[in-house]
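Asker: got a sequence here, can you model it:
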Amino acid sequence: MDVKDSNGNLLKDGDSVMVVKDLKVKGTSVTLKRGTVAKNIRLTDDPGQIECNVEKVKGLVLKTEFLKKV
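Answerer: This is a model prediction of the structure:
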């Protein structure tokens with residue numbers, strides 16, 4: 001299963017990604033700003049999603065269409 005970011009780059013476990021658009025996090029008052037970096041990502045069973053930890057939110061699932069590999 002190939003997991004790709006918004007630019008078509010292949011992602012793998014342990015990569016770092018950057019958010020390319022401001023995203024509101026459901027269930028919290030936190031907004032991930034454009035340019036926020038998530039390190040050490042984990043791939044899921046769905047090729048359109050990854051799991052990561054960001055500064056204030058742990059166990060976050062993000063869609064790959066809003067991410068760019070760093």
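
Asker: torsion angles phi and psi at the residue of the chain most remote from its centre?
Answerer: Within the chain, the residue lying farthest from the chain centre (C-alpha atoms, centre = their mean) is S29, at 18.1 Å. When quoted as degrees, to the nearest 10, the phi and psi of S29 stand at phi -100, psi 10.

Asker: that one and N53, how far apart?
Answerer: Using C-beta to C-beta, to the nearest Å, S29 is found at 18 Å from N53. The C-beta positions use only the backbone N, C-alpha and C, and glycine is treated the same way.

Asker: now do K21
Answerer: Distance, K21 to N53, by C-beta to C-beta: 19 Å.

Asker: same check on G35?
Answerer: According to C-beta to C-beta, G35 and N53 sit 17 Å apart.

Asker: so between the two, which is more surrounded?
Answerer: Neighbour count, other C-beta atoms under 10 Å: between G35 and N53, N53 has more, with 14 against 10.

Asker: excluding sequence neighbours, find me the nearest residue to the residue nearest the centre of the chain.
Answerer: By C-alpha atoms, centre = their mean, the chain has its centre lying nearest to L62, at 4.5 Å. Nearest non-adjacent residue to L62, counting by C-beta to C-beta, 6 or more residues apart in numbering: I50, 5.8 Å away.

Asker: with C52 instead?
Answerer: Nearest residue to C52, sequence neighbours excluded (C-beta to C-beta, 6+ apart): A38, at 3.9 Å.
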